[in-house]
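# please work out how this folds:
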Amino acid sequence: MPLELLLPSDQYYVKLKAGPILEQLYQPGQFFWAPALFLYGKKPVHLIKGKYDRATARYHYRIEQMSDTEFERAEEPIIPLHIESNQRAAIVGCKLRPVILLSQHSEKWRDGKRVHDDAYLVAPVYSFRGDDGKEDYSLAFIERVKAFVYNTFFYLPQRVSPQFLEGFVRFDKFQAIHKDALKHMAIMLTEDALWLLRTWLWHYLGADLDKVNDVLYDYREEAIRVLKEAQLL
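Presented below is the predicted three-dimensional model:
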């Protein structure tokens, strides 16, 4: 069932004008470049351990796999990394990806020495093509993403200018990221596309889709029926 019936592909994006005004803009639906972290704990977690050598006045570092009892004991603080005795410096992989801003600007607050962080909730965007430019996913999978089969994925169509490859948002890889790590892209979702994304996100967070948006619910039901008839599901 064509996704165009729900929202035409030319109504997903708004092109923004690059410049100083854009650099001050942080609104839900905007696209940014950001270091998207790999899923923590999917692979064995490794830590950076540091020990201060008083004779040389230097820190010596080593990498070791985290044990199940890691936080049952205090460690020597690692001053250069600002790691206290009850904290650990973990090694987490990341990749520079487009991300979509999902949250509003955080309210400023202070309580003694503790202050707010200029952080936002973002969701990474994945392309259906690999780094070599070749299709990295099957046609059947792409059609299932379009049909809202998976509650963790939100489909994004291709755009020519500014260039944006066909792909999908991954709700299961949300992360909070500091404002300083976000690099502006001159593109954002339209109000309709953002509304659709938020509706699907709300469903992922536990809302009944038929009660939240009966139009999307009916589209999904019909799209899944078509996929089953075509033996793509």
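
# how about the longest helix seen in the chain: buried residues?
For the chain, the helix that runs over the most residues, judged by DSSP state H, is helix 214-229. Residues 216-217, 219-220, 223-224, 227 are the ones in helix 214-229 that count as buried (16 or more other CB atoms under 10 Å). In short, each C-beta sits where N, CA and C put it, glycine included.

# which SSE is His184 in?
strand 183-189 (DSSP states H and E).

# how about His203?
Using DSSP H and E, His203 sits within helix 191-204.

# any idea of the angle that helix forms with helix 214-229?
Counting by axes from the mean of the first three to the mean of the last three CA atoms, to 10 degrees, helix 191-204 lies at 70 degrees to helix 214-229.

# how far out from the middle of the chain is helix 191-204?
Centroid displacement of helix 191-204 relative to its chain, using CA atoms, centre = their mean, to the nearest Å, is 15 Å.

# remind me what it packs against, helices and strands.
In terms of contacts (3 or more CB pairs under 8 Å, 6 or more residues apart in numbering; DSSP states H and E), helix 191-204 is packed against strand 153-156, helix 209-212, helix 214-229.

# who's in contact with the longest one?
Right, helix 214-229. Under the contact criterion CB atoms under 8 Å, 6 or more residues apart in numbering, helix 214-229 has outside partners 1, 5-6, 143-144, 146-149, 196, 199-200, 209-210, 233.

# domain map for the chain?
3-40+95-229, 46-91 (automatic domain parsing).

# how about CSV for those domains, with mean pLDDT added?
Listed next are those as CSV, based on pLDDT from 0 to 100:
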stretch, mean pLDDT
domain 3-40+95-229, 92
domain 46-91, 92
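
# any idea which of those domains is most buried?
domain 3-40+95-229 (a mean of 15; mean count of other CB atoms under 10 Å).

# how far off centre is it?
8 Å.

# now do the end-to-end distance for it.
One end of domain 3-40+95-229 to the other measures 17 Å (CA to CA, to the nearest Å).

# can you check stretch 123-143 too?
For stretch 123-143, the first-to-last residue distance is 21 Å (CA to CA).

# and which of the buried residues of helix 214-229 is nearest Phe154?
Leu216 (11.2 Å; CB to CB).

# how about stretch 10-22 as PDB, C-alpha atoms only?
Only the C-alpha atoms of stretch 10-22 are listed here, as PDB (Å, rounded to 0.1, in the frame of the first residue of the first chain):
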ATOM      1  CA  ASP A  10       7.500  15.700  -0.900                       C
ATOM      2  CA  GLN A  11       5.800  16.800   2.300                       C
ATOM      3  CA  TYR A  12       8.300  15.300   4.800                       C
ATOM      4  CA  TYR A  13      11.100  17.900   4.800                       C
ATOM      5  CA  VAL A  14      11.700  21.700   5.000                       C
ATOM      6  CA  LYS A  15      14.900  23.100   3.600                       C
ATOM      7  CA  LEU A  16      16.500  25.600   6.000                       C
ATOM      8  CA  LYS A  17      18.800  28.500   5.100                       C
ATOM      9  CA  ALA A  18      22.300  28.000   6.300                       C
ATOM     10  CA  GLY A  19      23.800  30.800   8.400                       C
ATOM     11  CA  PRO A  20      24.000  32.300  11.900                       C
ATOM     12  CA  ILE A  21      20.300  32.100  12.500                       C
ATOM     13  CA  LEU A  22      20.200  28.400  11.800                       C
END
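
# having no further points to raise, I will conclude here.
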